[in-house]
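In: Sharing a model that was predicted from the sequence below.
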Amino acid sequence: MPAAPVPGIATARPVRLHQACVRVGGVSLALSGPCSDDVRLSCESEVFQNFDENPDIEVQIEWVEKLQRWRGNPVFDSGALWTLFRYGREFVFDFNSPAFGLLPYKRLRTSTEFRSAQLILSREALRNYRPIFPLEYPADELLITNYLASGVGVEVHGCGLVDPDRGGYLFLGHSGAGKSTTARLWETFRAPKILSDDRIILRLHEGELWMYGTPWHGEAAFAAAGKAKLNRIHILRHGTENRFSSLPQARAVGEVFARCFPPFHSPAGVERTVEFIKRALDAVPCYEFQFVPDGSSAAAVLGFYE
């Protein structure tokens with residue numbers, strides 16, 4: 001039986017944590033913090049909001065007055081917003097941008113399994129920037145793609161759409177290959193649901209390959225929470241005519257890997273990503289698609305599989 005409170009002495013009340021949860025690519029990510037502003041989601045992430053009692057990844061938000069540079073040599077430098085360090089059994093991602101000064105404005109400390117993380121924000125760096133979305137890109141993408149690299153999926157550079165009559169189609173391509181152009185063309189001529197014009201997550205379920213939309217869109221700004229089963233993968237290339245070429249699996253694995261986002265800091269993670277791609281291509285064939293950027297390309301895809 002619990003002891004009665006002592007008269008005249010205030011008892012500590014537990015801090016009520018505010019929470020938010022998103023689900024991207026079948027991966028649930030829960031955010032918690034002492035203030036509702038600490039778990040604010042961006043407009044893109046709100047589309048993917050989905051409460052889960054047992055999230056795959058749990059992230060705790062904390063604030064400090066100032067973040068100093070992490071000591072030690074980086075394991076990996078993205079060349080853009082983040083640098084990765086190793087600290088015992090943890091990964092430490094420091095986020096820097098000239099807009100926020102010379103010191104890190106955000107730090108992500110995570111377990112090597114990417115199941116739990118601490119996201120630390122700098123009051124000094126972010127004081128004049130409101131509202132703050134702690135999970136904004138690339139923090140959310142880093143957590144989810146590294147979790148997928150345990151062998152359960154992969155994020156690819158592609159346009160994914162769901163035709164109202166024919167189902168899911170995936171078009172992979174480097175920057176400038178025509179992903180956003182393809183999304184706009186299909187929107188004009190077929191009115192599909194476009195899951196993303198830039199980044200798609202692939203997962204396997206009972207031997208079938210499924211694609212999922214993500215919040216990380218391209219220049220056409222298509223992003224939707226949804227999924228669709230795939231029967232094939234297309235590698236986009238600009239051409240003078242619409243033409244399909246079947247790719248042998250060994251080459252297809254290389255083409256898909258070149259258009260995915262593996263954890264280059266982790267040899268084991270890269271190996272698991274390659275193995276997942278091989279299993280995905282056991283489930284569906286892969287074609288190179290040289291296309292003309294007009295309505296004939298959508299008609300060619302639909303006609304090729306009739």
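Out: Okay, I see it.
In: longest strand of the protein?
Out: Taking DSSP state E as the criterion, the chain has its longest strand at strand 154-163.
In: Show me what the next helix or strand after that strand is packed against.
Out: Sequence order places strand 167-172 as the next helix or strand after strand 154-163, per DSSP states H and E. In terms of contacts (3 or more CB pairs under 8 Å, 6 or more residues apart in numbering; DSSP states H and E), strand 167-172 is packed against strand 154-163, helix 179-189, strand 227-230, strand 233-238. Every C-beta, even on glycine, is put in place using the N, C-alpha and C of the backbone.
In: so how many other residues sit close to the closest residue to residue 97 other than its chain neighbours?
Out: Spatial nearest neighbour of residue 97, chain neighbours left out: residue 81 (6.1 Å); criterion: CB to CB, 6 or more residues apart in numbering. Neighbourhood size, residue 81 [other CB atoms under 10 Å]: 16.
In: Equivalent analysis for residue 65, please.
Out: 8.
In: How is the chain partitioned into domains?
Out: Following automatic domain parsing, the chain resolves into domains at 18-148, 154-304.
In: Need these in TSV (columns: mean pLDDT).
Out: TSV is the format used below for the domains of the chain (pLDDT from 0 to 100):
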stretch	mean pLDDT
domain 18-148	94
domain 154-304	95
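In: follow-up on the earlier one: wait, what's in contact with the residue nearest to residue 97?
Out: By CB atoms under 8 Å, 6 or more residues apart in numbering, the residues touching residue 81 are 95-97, 138.
In: Give me the buried entries from those residues.
Out: Those of the contacts of residue 81 that meet the buried threshold are 95-96, 138, by 16 or more other CB atoms under 10 Å.
In: so, if you compare those residues, which one comes nearest to residue 299?
Out: Nearest to residue 299 among these: residue 138, at 36.8 Å, using CB to CB.
In: How many residues are close by the closest residue to residue 242 other than its chain neighbours?
Out: In space, and not counting its chain neighbours, residue 242 is closest to residue 300: 3.6 Å by CB to CB, 6+ apart. Residues lying near residue 300 (other CB under 10 Å) number 17.
In: For whichever strand or helix holds residue 300, name the packing helices and strands.
Out: Per DSSP H and E, residue 300 falls inside helix 295-304. Helices and strands touching helix 295-304, by 3+ CB pairs under 8 Å, 6+ apart, are helix 179-189, strand 286-291.
In: what would those look like in TSV with mean neighbour count?
Out: Formatted as TSV, those follow (neighbours: other CB atoms under 10 Å):
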stretch	mean neighbour count
helix 179-189	21
strand 286-291	21
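In: Can you redo these as TSV, where the extra columns are distance to residue 30?
Out: Output for those, formatted as TSV (distance: least, CB to CB, whole Å):
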stretch	distance to residue 30
helix 179-189	30
strand 286-291	35
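In: closest one to residue 154 among the ones you listed?
Out: Across the helices and strands packed on helix 295-304, residue 154 has its closest neighbour in strand 286-291 (13.8 Å, CB to CB).
In: my guess is residue 296 contacts residue 242, does it?
Out: Yes - counting by CB atoms under 8 Å, residue 296 touches residue 242, with 6.0 Å between them.
In: which one of these two has more residues nearby?
Out: residue 242 (18 against 15).
In: Can you list phi and psi of that one for me?
Out: Backbone dihedrals for residue 242, given as degrees, to the nearest 10, come out at phi -80, psi 120.
In: Could I get the full set of helices for the stretch 1-150 of the chain?
Out: Applying DSSP state H, counting those that start in this stretch to the stretch 1-150 of the chain gives helices spanning 43-46, 123-126, 139-148.
In: how about these, which one is nearest residue 27?
Out: Nearest of the helices of the stretch 1-150 of the chain (CB to CB): helix 139-148, 5.1 Å.
In: now the angle between strand 154-163 and the closest one, please.
Out: Relative orientation of helix 139-148 versus strand 154-163 (axes from the mean of the first three to the mean of the last three CA atoms, to 10 degrees): 100 degrees.
In: Distance to residue 148 added to the contacts of residue 81, as a markdown table?
Out: Shown next, in a markdown table, are the contacts of residue 81 (distance: CB to CB, whole Å):
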| residue | distance to residue 148 |
| --- | --- |
| 95 | 21 |
| 96 | 25 |
| 97 | 26 |
| 138 | 15 |
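In: Alright, I will stop here.
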